[in-house]
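[1] just need the structure, nothing else, for what follows:
(4 chains)
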Number of protein chains: 2
Amino acid sequence: MQKEITIYDIAERLGVSATTVSRALNDNPRINKKTREKVHQLAKELGYRHNTLAANLRKQQTKTIGVILHEVNSYFATSVLAGIEKVTTPENFDILITHSAETAEREKANVKNLINKRVDGIIVSLAMHSHDIEHFAPVFDREVPLVFFDRVLQGAECTKVVIDNFQGGYDATNHLIGQGCKKIAHITGDLDLNVYMDRYKGYQKALKDHKIKLNKELVKVCGLNKAETTQAVTEMLEHQPDAFFIPSDFAAAVCMEILHNKGLRIPEDIAVFGFNNDMLSDLITPKLSTIDYPGFLMGEMAAKTLIEQIKLRRKNKNVKDHTIVIPTEIILRESSVRKTAKPKR
Amino acid sequence: MQKEITIYDIAERLGVSATTVSRALNDNPRINKKTREKVHQLAKELGYRHNTLAANLRKQQTKTIGVILHEVNSYFATSVLAGIEKVTTPENFDILITHSAETAEREKANVKNLINKRVDGIIVSLAMHSHDIEHFAPVFDREVPLVFFDRVLQGAECTKVVIDNFQGGYDATNHLIGQGCKKIAHITGDLDLNVYMDRYKGYQKALKDHKIKLNKELVKVCGLNKAETTQAVTEMLEHQPDAFFIPSDFAAAVCMEILHNKGLRIPEDIAVFGFNNDMLSDLITPKLSTIDYPGFLMGEMAAKTLIEQIKLRRKNKNVKDHTIVIPTEIILRESSVRKTAKPKR
DNA sequence: TTATAAATTGCAATCGATTGCAATTTTTTT
DNA sequence: AAAAAAATTGCAATCGATTGCAATTTATAA
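    Okay, here's the model as predicted:
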């Protein structure tokens, strides 16, 4: 392997200074056009590659955004990443993706790592079991721009991008009630998380608005994975619900499979409502009613906000925290729409 | 924002040299235990954060692996990433993920970017429309370890991790024939790609072994997205096939929906066979028979091989290219198993 | 007590690009 | 032709950690 070519090598061969080479490669107008061309030409010939490390060290900025995801294995996660990328690519930011596998320890290690790498900003969706944001202290101390999205900590003073989970929960429940359902089971995730809590609140509000008393027996918290959902649904069936509102399409699909195996008709006997509008919700039979969760848009908004903050920070202007709420959309499909019900609108 | 603390700051306060601080922080046994502890203690107090950029520049290694994916939006991609991560995390390598959105230009830009960032090695799955590997020249010139996986270029001399696509295609087709199918339609992707070509060859071989003549009208290449698949399937139905072997679970699911809408029974009227064993194949009705595509294992193998090569390279030993073939597994579910057929074993 | 070995610490160069300031050269103006 | 302005280039310091080699201190052996 030959030694890497540096600007000094180019400078020497051309009989100019490294300064000039550096400027030429950056197309600095201060350098004569002819010189610039000569430099570019030779750089190409020699197979010169810019050393980002050295440049970043000197410039004290990396043009890199760190992303901490609680999990990557989902359509939602990839949508968010795609949204982030759409914004960062044209702005020439790279993204460094880490994931915390739902644990606070991994999250902490990721924060540390990203700071060590001197990322210019961080986008985070909190891990399931991350109940405080103390481990973000190094980020706040350094005033590294930070945007939380989706899974956020209620109350914390920081910039957040969230969707209107309350409204989503309300719309889903309201729709089910409109279909004649009266005993709506709600199997959901950890209520310490804003996303599940807000949906639950929406569920409660809808019941209240229709003067249906909340029955705690119909509400069950679980991990929303296949095993736990299976158990939760099976247990719940003893209370004979006439609908399931499960704010996770995957878990709702698992639920539907169980109902199917028991010979229960969907939606005639039991209606099912999911959340997220995952790819699969449109492919299973019957198709699953759900709430569209615009991951792509969320990623876009988070990245856009973050980049704004990064730019402000460079100018030493101070940044004020704010919260962006993205509206949801209800998507009605076969799993919850009873033929006998009057069409809405 | 206060200035970042460096080893010099710590050195000054402790009245020792920066060398000692650096060594102490790295737990170098050459430094007295007490000194080490003092350094660690003060570093913690001052909120010192190691500057990875500076260290990497000096050490001429980044402990980072670049990953170029043709697309990130799939269960397969996330499985591969998870597999890679399983290997890299304990070895303290970070991963830098880029995606080429199936275009050769983006792929080229990504290669350049990763080289500029001085990653220690690269793992690549080629973009759909990347028909040569000339743009990897900068990688080869520098002898940066490189492992191709899944989508590889046939013939090229480099290390590859692939699965046995031929066997998968053969097994799927063979199974369908065993179920009594005689007109097996094959809707597949770009045959320039090894993955689709090999599956197609397996399909052909199975037909041949059962003395069924290949009917080109039953073979159709398309993009395997929803729109193109819909069109291909609709057209194909005019030839009245008794089975669809579509080597993509998503496209197979789209196909099933069309068949369902036309009132065709699966598998009685038409059997359907997918490829990948995606999450959704187990959730749709009827459940989809498929070939398990062990993305996680693939990621693991690719990362393991790459790290071996990186280590060899550091010792200046030369690396020899090799190909790792991962076996597939056939997964039989409702969409292809006819009740009337004799159960296999 | 002196010689030798082992432990501990530091000097100074290095990794490669960037940039404020100054110097030099060229062009334009008077 | 001299003075002023504009264009072009270079010097040298800087970013922060690492490391080969040497120096110093401490412990052990003779």
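[2] tell me how many other residues crowd the residue in the stretch 151-300 of chain A positioned nearest to DNA strand C.
    As assessed by C-beta to the nearest atom of the strand, DNA strand C sits closest to A:Thr159 within the stretch 151-300 of chain A, at 27.3 Å. Any C-beta I mention is one placed from the backbone N, CA and C, and that applies to glycine too. Neighbours of A:Thr159 under the rule other C-beta atoms under 10 Å in any protein chain shown: 21.
[3] try A:Leu96
    Using other C-beta under 10 Å, A:Leu96 has 21 other residues around it.
[4] same deal with A:Gln240?
    Around A:Gln240 there are 10 other residues, counting by other C-beta under 10 Å.
[5] how about the residues of chain A near DNA strand C?
    A:4, A:6-8, A:18-19, A:22-23, A:25-26, A:48, A:50-51, A:54-55, A:57-59 (C-beta under 7 Å from any atom of the strand).
[6] which of the residues you listed count as buried?
    A:Thr6, A:Ile7, A:Ser22, A:Arg23, A:Leu25, A:Tyr48, A:His50, A:Asn51, A:Ala54, A:Ala55, A:Leu57 (16 or more other C-beta atoms under 10 Å in any protein chain shown).
[7] among the residues of chain A next to DNA strand C, which ones are in strands?
    When the residues of chain A next to DNA strand C are checked against strands (DSSP state E), there are no matches.
[8] A:Thr35 contacts A:Thr19, correct?
    No. Counting by C-beta atoms under 8 Å, A:Thr35 sits too far from A:Thr19 to count as a contact (11.5 Å).
[9] secondary structure class for A:Ile310?
    When classified by DSSP: H, G, I helix; E, B strand; the rest coil, A:Ile310 comes out as helix.
[10] what's the separation between it and A:Gly121?
    According to C-beta to C-beta, to the nearest Å, A:Ile310 and A:Gly121 sit 5 Å apart.
[11] so for the helix or strand harbouring A:Val195, what's the average pLDDT?
    Using DSSP states H and E, A:Val195 falls within helix A:194-209. The average pLDDT for helix A:194-209 rounds to 97.
[12] mind listing the strands in chain A by residue range?
    Under DSSP E, chain A gives strands at A:64-69, A:94-99, A:121-124, A:146-149, A:159-163, A:184-188, A:219-221, A:243-245, A:271-273, A:290-292, A:323-326, A:329-331.
[13] least reliable of those strands going by mean pLDDT?
    strand A:94-99 (a mean of 91).
[14] what about that strand and chain B, any contact?
    Yes. For strand A:94-99, a contact with chain B is found by C-beta under 8 Å from any C-beta of the partner chain, at A:Asp94, A:Ile95, A:Leu96, A:Ile97, A:His99.
[15] for that strand, name the packing helices and strands.
    Other helices and strands packing on strand A:94-99, by 3 or more C-beta pairs under 8 Å, 6 or more residues apart in numbering or on different chains; DSSP states H and E, are strand A:64-69, helix A:75-88, helix A:104-116, strand B:94-99.
[16] let me have the ones you listed in CSV, adding distance to B:Phe149 as columns.
    Compiled in CSV, these are given as follows (distance: least, C-beta to C-beta, whole Å):
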stretch, distance to B:Phe149
strand A:64-69, 22
helix A:75-88, 19
helix A:104-116, 25
strand B:94-99, 14
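[17] nearest to B:Phe275, of those?
    B:Phe275 sits nearest to helix A:75-88 of all the helices and strands packed on strand A:94-99, at 19.1 Å, using C-beta to C-beta.
[18] next, see if the closest one gets close to chain B.
    Yes. Residues of helix A:75-88 contacting chain B under C-beta under 8 Å from any C-beta: A:Tyr75, A:Ala77, A:Thr78, A:Ser79, A:Leu81, A:Ala82, A:Glu85.
[19] quick one: contacts for the residue lying closest to A:Leu218 once chain neighbours are set aside?
    Distances taken as C-beta to C-beta, 6 or more residues apart in numbering or on different chains place A:Ala185 nearest to A:Leu218, at 4.8 Å, with adjacent residues excluded. By C-beta atoms under 8 Å, 6 or more residues apart in numbering or on different chains, the contact set of A:Ala185 is A:Leu218, A:Val219, A:Lys220, A:Met236, A:His239, A:Pro241, A:Ala243, A:Phe244, A:Phe245.
[20] then A:Ile307?
    Per C-beta under 8 Å, 6+ apart, neighbours of A:Ile307: A:Ile65, A:Val87, A:Thr88, A:Glu91, A:Phe93, A:Gly121.
[21] model confidence score at it, please.
    In this model, A:Ile307 is scored at 96, pLDDT.
[22] I'd like to know how far it sits from B:Asn116.
    21 Å.
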